[in-house]
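Chemist: Just a sequence and a predicted model for now, questions to come.
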Amino acid sequence: MFFCPASTPGLTGRIGAHLKSVNMKAKSLFLSLLPVLLLTNFLAPEANGQDKFILSGEIRERGVYSHGYKGLLAPDEHGTFWVGQRTRLNFDYRHNDLGFFVQLEDGRIWGSTTGAHTTGFGIGQAYFFMEFAKRFGFKVGRMALQYENGRYLSYSAWDECPRTHDALIFNFRSLDKKTKVDIGASVSNNSSNTILNPYSLNNYFKYLLFGYVSHQFLPDLRWSVLSVTDFQERRYADSSGDIRTDPTRLYARSTIGSYLELFSTKKVSALIYGYGQFGKHNDGTAVAAGLFSAELKCRILPVFDIVLAYDYISGSDFAGNGTDHSFDRFLGSAHAFLGIMDFFTGSGPEDLNLGRGYHQPSLTLNYRPAEKHSLSLNARYFLTEKQIFKGAENVEPNISLPDLNRDLGFEMALRYKYKIRSDLSLEAGYAFHTATKTLEYLSGIESGTSKFAHFGYVMMAYKPTLYNSANHPRKEK
């Protein structure tokens with residue numbers, strides 16, 4: 001029970017001020033939602049068999065305890081606890097073959113701003129689409145780019161504000177739904193400049209071209225291809241060492257991936273895929289890299305299955321041959337594939353392994369004790385693809401460190417999910433990662449001194465449908 005002692009008059013004043021602030025926020029929220037209510041009232045009478053309007057929302061709260069999440073803790077470092085929040089309001093409208101989708105989104109950490117300020121609010125997605133001849137269509141605007149399992153182009157739903165991109169996509173869907181084709185493109189600029197200026201966001205594309213083809217040959221055989229080419233402006237160091245961008249010169253990097261899905265309706269199924277990457281980075285360095293993954297799923301019982309998987313990601317030994325063999329996942333997800341503790345989810349300079357690549361065998365046990373409950377136990381073992389050499393920046397690539405092997409440790413993760421009802425879910429997880437001499441060396445921590453790395457989270461998500469025109473049919477006059 002919370003109470004206000006009479007001996008603390010200052011507290012009463014602070015509570016009164018807080019209630020006044022809450023009242024102002026409530027009025028502000030009502031005014032911001034007023035256009036939504038008017039729009040709903042306007043569209044509702046038009047609802048019929050060919051019109052659709054859905055207004056939905058989402059509030060997701062996730063508390064995280066971190067004691068080595070994303071990296072080992074040194075002896076003088078301590079764990080922490082934080083809460084992240086995602087808030088969304090979705091507008092989905094369709095009239096015959098034309099429609100739009102708008103998603104207002106806010107992502108924040110509790111306490112990241114004072115009560116008088118708000119940050120993080122913006123447009124998550126905003127696009128319109130059109131279909132014609134029952135097979136063809138296009139979509140243009142800000143949208144999620146998610147293909148296959150998201151290994152190279154992903155929405156990354158784990159984040160408070162997932163990735164979305166501005167793009168134009170032409171698509172084809174066969175009438176039997178067995179063939180899918182997407183062809184897309186995008187261009188990036190800092191502003192609507194009338195003259196050519198450098199694009200300042202490093203490691204994001206200046207131009208993007210991509211294509212995707214998927215075909216279901218048989219009920220148990222599906223094959224697909226994803227091709228992505230990103231163009232970046234040349235970046236170089238001038239005579240004083242400052243990094244410059246040359247907008248008149250572009251470097252292209254292409255990545256082609258192929259997926260083969262086998263026996264998906266059988267008790268034993270398989271997913272095999274790989275990517276090849278070639279071209280040049282934005283500093284002109286040649287790229288020749290790859291990724292391979294194989295997954296075997298065995299359904300032992302209707303409520304229990306086992307998944308065996310192996311991942312290979314190529315890396316560089318920094319031997320000075322002028323070619324980078326480190327595979328860059330670009331806009332793909334890593335949280336779903338390289339451990340939920342996110343030790344190795346960085347890319348480029350943020351990669352803890354500094355581009356040496358990975359071998360990763362894993363085992364997952366999935367159990368569904370009841371219709372709305374599921375448990376998952378996952379074990380992963382990480383090894384570097386290339387040997388560790390002396391120097392954090394690999395300045396002496398020919399001097400090996402005999403005390404270091406390729407062992408990056410072992411992660412064990414347990415997750416529980418409960419679908420309380422159709423619009424309300426609960427999820428909780430706990431994971432730990434074992435420290436090794438190699439992992440401590442890469443983390444800049446003296447061998448044997450790092451703290452036990454573990455983390456846990458509890459997450460609840462509420463996704464209500466606020467209005468659906470299908471539930472309010474048009475009344476005949």
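Modeler: Perfect, thanks for sending it. Worth saying up front: this structure is predicted, and the values here are computed from it rather than measured.
Chemist: Grab the nearest non-local neighbour of residue 282.
Modeler: residue 232 (3.8 Å; Cβ to Cβ, 6 or more residues apart in numbering). Where you see a C-beta, it was placed from the backbone N, CA and C, and this is true even at glycine.
Chemist: again with residue 54
Modeler: residue 92 (4.4 Å).
Chemist: Which secondary structure state is assigned to the one you found?
Modeler: Assigned with DSSP: H, G, I helix; E, B strand; the rest coil, residue 92 falls in the strand class.
Chemist: go on, residue 441?
Modeler: Taking three-state DSSP as the rule, one finds residue 441 in the helix state.
Chemist: Who are the contact partners of the closest residue in space to it that isn't next to it in sequence?
Modeler: Spatially, and ignoring its direct neighbours in sequence, residue 441 is nearest to residue 404 (5.9 Å; Cβ to Cβ, 6+ apart). Applying Cβ atoms under 8 Å, 6 or more residues apart in numbering to residue 404 gives the contacts 388, 437, 438, 441.
Chemist: can you list the domain ranges for this protein.
Modeler: Per the record, the chain has its domains at 8-46, 55-191+199-471, by automatic domain parsing.
Chemist: Specify the beta-bridge partners of the residue nearest to residue 54.
Modeler: Residue 92 has the following beta-bridge partners by DSSP bridges: residue 54, residue 101.
Chemist: My guess is it contacts residue 52. True?
Modeler: Yes. Checked against Cβ atoms under 8 Å, the pair residue 92 and residue 52 is within contact range at 7.4 Å.
Chemist: what residues do these two have in common as contacts?
Modeler: residue 99.
Chemist: Residue 129: neighbour count?
Modeler: As a burial measure, residue 129 scores 18 neighbours (other Cβ atoms under 10 Å).
Chemist: The residue nearest to residue 282 reaches residue 251, doesn't it?
Modeler: Yes. Counting by Cβ under 8 Å, residue 232 does reach residue 251; the two are 5.7 Å apart.
Chemist: all helices for the stretch 301-450 of the chain, in order.
Modeler: Counting by DSSP state H, counting those that start in this stretch, the stretch 301-450 of the chain has helices at residues 437-442.
Chemist: Does residue 252 touch residue 233 like I think?
Modeler: No. With contact defined as Cβ under 8 Å, residue 252 does not reach residue 233; the gap is 11.3 Å.
Chemist: follow-up on the earlier one: what pLDDT is listed against the residue nearest to residue 54?
Modeler: Residue 92 carries a pLDDT value of 97.
Chemist: same thing with residue 308?
Modeler: pLDDT for residue 308: 98.
Chemist: Give me the below-cutoff pLDDT ranges for the stretch 301-450 of the chain.
Modeler: 318-321, 348-349, 389-403 (pLDDT under 70).
Chemist: the more surrounded of residue 232 and residue 251?
Modeler: Legend: neighbour count by other Cβ under 10 Å for residue 232 and residue 251, higher for residue 232 (25 against 20).
Chemist: Please name every helix or strand in contact with the one helix or strand the more buried one maps to.
Modeler: Following DSSP states H and E, one finds residue 232 within strand 221-237. For strand 221-237, the elements it packs on are strand 207-218, strand 243-262, judged by 3 or more Cβ pairs under 8 Å, 6 or more residues apart in numbering; DSSP states H and E.
Chemist: I'd like the ones you listed laid out as CSV, including distance to residue 358 and mean pLDDT.
Modeler: Below are those laid out as CSV (distance: least, Cβ to Cβ, whole Å; pLDDT from 0 to 100):
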stretch, distance to residue 358, mean pLDDT
strand 207-218, 25, 96
strand 243-262, 17, 93
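Chemist: can I get those in TSV with distance to residue 77?
Modeler: TSV is the format used below for the helices and strands packed on strand 221-237 (distance: least, Cβ to Cβ, whole Å):
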stretch	distance to residue 77
strand 207-218	39
strand 243-262	31
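Chemist: which neighbours do residue 232 and residue 251 share?
Modeler: Common contact partners of residue 232 and residue 251 (Cβ under 8 Å, 6+ apart): 281, 282.
Chemist: re the thing from before, most tightly packed of the domains of the chain?
Modeler: domain 55-191+199-471 (a mean of 16; mean count of other Cβ atoms under 10 Å).
Chemist: returning to what we had before: return the list of strands paired to the strand holding residue 232, each annotated with direction.
Modeler: Short version: by DSSP bridges, strand 221-237 pairs with strand 207-218 (antiparallel), strand 243-262 (antiparallel).
Chemist: what's downstream of the last one, the next helix or strand?
Modeler: Toward the C-terminus, strand 243-262 is succeeded by strand 268-280 as the next helix or strand (DSSP H and E).
Chemist: Please enumerate residues in contact with stretch 89-104?
Modeler: Residues outside stretch 89-104 that contact it (Cβ under 8 Å, 6+ apart): 36, 39, 43, 50-58, 88, 121-132, 137, 141, 143.
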